[in-house]
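K.L.:
The following comprises the amino acid sequence and a computationally predicted model.
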Amino acid sequence: MTPDSPAAPAADFRCGYIAIVGRPNVGKSTLMNMLIGANVSITSRKAQTTRHRITGIQTRSDAQYIYVDTPGFQTRHNNALNKTLNRTVTTTLTAADVVLFVVEAGTFGEADQQVLALMPKSVPVILVINKADQVKDKAQLMPFAQKVAALHDFAAIVPVSARQRFQLDRLEVEIRNHLPQNEAVFDEDDITDRSEKFLATEIIREKVFRFVGDELPYTSTVILEKFEQEGALRRIFAAILVERDMHKAMVIGNKGARLKEISSQARLDMEKLFGGPVYLEVWVKVKSGWADNQAGLRAYGYE
């Protein structure tokens with residue numbers, strides 16, 4: 001049975017939570033966005049962009065897939081934030097019905113091994129070999145898959161290219177095979193359990209990292225100062241909080257050009273996701289000390 005086949009009997013409808021885990025920057029957020037057909041989890045070239053547990057929902061005629069995108073599991077720096085992010089990963093694993101263990105094609109190192117060691121024995125784990133399109137010698141994919149497969153009893157192994165949607169239909173079929181028979185948890189039109197306010201801040205944060213690059217610390221955050229809705233129009237006022245004046249200058253750019261681009265691209269993404277016009281104003285502010293930083297972290301669940 002394929003995901004787009006006619007409606008299945010109610011007794012065979014399946015629904016469950018699918019945890020997407022892996023080391024940073026293997027394409028977990030891109031994979032989830034492509035599976036559900038909407039950008040609900042932010043992506044960028046900067047590793048460790050995802051800080052939160054993001055839920056994406058895809059409802060088919062015979063199943064509801066509830067994907068949970070997690071932060072990349074941290075192995076390098078044992079600081080408070082990374083400990084919190086890692087707890088998010090391990091907690092998500094314990095509640096999952098299926099786990100997608102995502103690795104980058106041709107690369108399996110110590111960080112991947114440490115994530116693999118977290119896999120629960122009682123939950124089916126599917127090995128997803130992402131970025132398969134970037135492997136020049138496709139003959140190397142099979143021995144690579146066999147090497148990783150020897151390390152765990154995987155329920156299935158699926159090479160994919162999330163960006164090109166290569167083999168995502170096959171992956172969806174494999175996931176459904178291991179989902180429990182349950183009624184749908186969410187409405188058919190739901191694509192995430194996150195609020196529009198949360199999604200707005202995440203979209204802005206993605207554009208900040210995309211346009212500013214690696215020079216901006218991860219502690220830079222985005223807060224909403226006002227979110228109003230008048231009919232289909234959403235009026236959004238947000239602040240980008242940075243650590244230092246030099247970071248503020250980076251985000252603003254020459255004569256405000258970079259901040260204008262960040263705001264413009266964020267507004268376009270919001271309009272596409274929210275399905276209506278958006279009026280967006282964004283400022284850049286320097287955090288005033290450790291207390292403000294802690295308050296900002298608490299607002300995003302980093303206590």
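P.N.:
Right, received. Where do you want to start? These numbers were taken from a predicted model, which means no experiment stands behind them.
K.L.:
OK, contacts around residue 267?
P.N.:
Contact partners of residue 267, counting by C-beta atoms under 8 Å, 6 or more residues apart in numbering, are 278, 280. The C-beta positions use only the backbone N, C-alpha and C, and glycine is treated the same way.
K.L.:
Flag the shaky bits of the chain, pLDDT-wise.
P.N.:
Under the criterion of pLDDT under 70, the regions of the chain flagged as low confidence span 1-11, 42-53, 71-92, 214-219, 289-303.
K.L.:
can you list the domains in it?
P.N.:
Here the chain is described, according to automatic domain parsing, as comprising the domains 10-178, 196-299.
K.L.:
Nearest to residue 184 among these would be which one?
P.N.:
Relative to residue 184, the nearest member of these by C-beta to C-beta is domain 10-178, separated by 4.3 Å.
K.L.:
State the separation between the closest one and the centre of the chain it belongs to.
P.N.:
Centroid separation between domain 10-178 and its chain, computed with C-alpha atoms, centre = their mean, to the nearest Å, is 10 Å.
K.L.:
Pull the number of nearby residues for residue 41.
P.N.:
When neighbours are defined as other C-beta atoms under 10 Å, residue 41 has 29 of them.
K.L.:
Then residue 141?
P.N.:
A count of neighbours around residue 141, defined by other C-beta under 10 Å, yields 15.
K.L.:
does residue 123 sit in a helix, a strand or a coil?
P.N.:
coil (DSSP: H, G, I helix; E, B strand; the rest coil).
K.L.:
who's in contact with it?
P.N.:
93, 96, 97, 98, 99.
K.L.:
likewise residue 146?
P.N.:
No contacts exist for residue 146 under C-beta under 8 Å, 6+ apart.
K.L.:
coming back round to it: and of the domains of the chain, who's closest to residue 190?
P.N.:
When the domains of the chain are ranked by proximity to residue 190, the top entry is domain 10-178, at 5.0 Å, counting by C-beta to C-beta.
K.L.:
Return the distance of residue 56 relative to residue 22.
P.N.:
Shown here: residue 56 relative to residue 22, a distance of 16 Å by C-beta to C-beta, to the nearest Å.
K.L.:
Show me where the stretch 1-150 of the chain has its strands.
P.N.:
Here the stretch 1-150 of the chain has its strands, by DSSP state E, counting those that start in this stretch, at 14-21, 54-59, 63-69, 98-104, 125-130.
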